[in-house]
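> following is a predicted model, sequence given first.
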Amino acid sequence: MAPAYKVTYFDITALGEPIRFLLSYGGIEFEDNRINKENWPALKPSVPLGQMPTLEHNGKVAHQSVAISRYLAKQVKLVGKDDWEDLEIDAIVDTFTDLRTKIGLYHYEQNEKVKEEKAGPLFNEIIPFYMEKLDAVAKKNNGYLAVGRLTWADLFFVSMLDYINFMAKKDIIADSPNLQIVKENVLKIPNIKAWIEKRPKDNL
Ligand SMILES: N[C@@H](CCC(=O)N[C@@H](CS)C(=O)NCC(=O)O)C(=O)O
């Protein structure tokens, strides 16, 4: 029987990886449908909002990586114990998304002169600012990003780190000991370890 879930995304980690991490964490089988850049234009019109990742389940198609991740986090019990805890988890995911967007704006900048202008503020102010704040949060939460225990915020952050580091061309958590503990805490989970061992390499 075909798996109940199908994840469709480019053949890279990036925004598809939190979804793959959460399904793997929960031991939920899924079809890992990877789209070549060359095949994407033909598929785009048939996809909600014309963007990936998408998650298919029971004949329905969902889009938006954060919304899908939040849905899966409920399925695999990586959410808060009440609305306030969920708010704390969401705030971390949104903060990380803010940072990812800023690094993405730099990485995808086509104009070399503008890119150079963006580099100073990004590497000297923006990334250090976020890393200092997030490291303090991880320290307060004993090696997790929210509510003092493992939640989907940790999987969301760690699953996307490789791609963020690729875009920044540096290890953004190199000077953040508590964020390194968050990373270790996620990567030592047996189902996550198994997924990383078997997943395809990014086709960048
Ligand atoms: N907010 C959306 C952003 C989705 C997005 O930007 N997807 C990109 C890949 S990372 C995409 O589909 N690009 C191809 C296109 O727009 O044609 C999410 O988090 O899912």
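Alright, I've got the coordinates. Numbers count the residues shown, from 1 in each chain.
> from residue 12, how far off is residue 4?
Relative to residue 12, residue 4 is positioned 24 Å away (C-beta to C-beta, to the nearest Å). The way it works is simple: take the backbone N, C-alpha and C, and place the C-beta from them, glycine included.
> and these two? which has more neighbours close in?
residue 12 (18 against 12; other C-beta atoms under 10 Å).
> and that one, backbone torsions?
With angles defined as degrees, to the nearest 10, residue 12 sits at phi -140, psi 170.
> how does this structure divide into domains?
5-76+190-198, 83-187 (automatic domain parsing).
> any residue of the last one up close to the ligand?
No. Residues of domain 83-187 contacting the ligand under C-beta under 6 Å from any ligand atom: none, with a closest distance of 7.7 Å.
> so where's this protein shaky on pLDDT?
Scanning the chain for pLDDT under 70 picks out nothing.
> show me the helices in it, by range?
17-25, 40-43, 65-75, 83-107, 112-121, 127-140, 152-168, 177-187, 190-198 (DSSP state H).
> neighbours of residue 162, just the number please.
16.
> does it really touch residue 21, like I thought?
No. Between residue 162 and residue 21 there is no contact, the gap being 11.5 Å when judged by C-beta atoms under 8 Å.
> now do the end-to-end distance for stretch 55-65.
9 Å (C-alpha to C-alpha, to the nearest Å).
> list the buried residues in it.
Buried residues in stretch 55-65, counting neighbours by 16 or more other C-beta atoms under 10 Å, are found at 55-57, 63-65.
> for residue 151, what are its contacts?
73, 78-80, 89, 144-145 (C-beta atoms under 8 Å, 6 or more residues apart in numbering).
> wait, which of those is closest to the ligand?
residue 73 (14.8 Å; C-beta to the nearest ligand atom).
> do you know how far the nearest residue to that closest one once chain neighbours are set aside is from the ligand?
Leaving aside its sequence neighbours, residue 73 sits nearest to residue 152 (C-beta to C-beta, 6 or more residues apart in numbering; 3.4 Å). Here residue 152 is placed at a distance of 14 Å from the ligand (C-beta to the nearest ligand atom, to the nearest Å).
> now for residue 152, how many residues are close by?
Neighbour number of residue 152 under other C-beta under 10 Å is 30.
> so what's it up against?
18, 22, 69-70, 72-73, 76, 78-79, 89, 93.
> repeat that for 10 Å
18, 21-22, 25, 66, 69-70, 72-74, 76-80, 86, 89-90, 92-93, 145-146, 159 (C-beta atoms under 10 Å, 6 or more residues apart in numbering).
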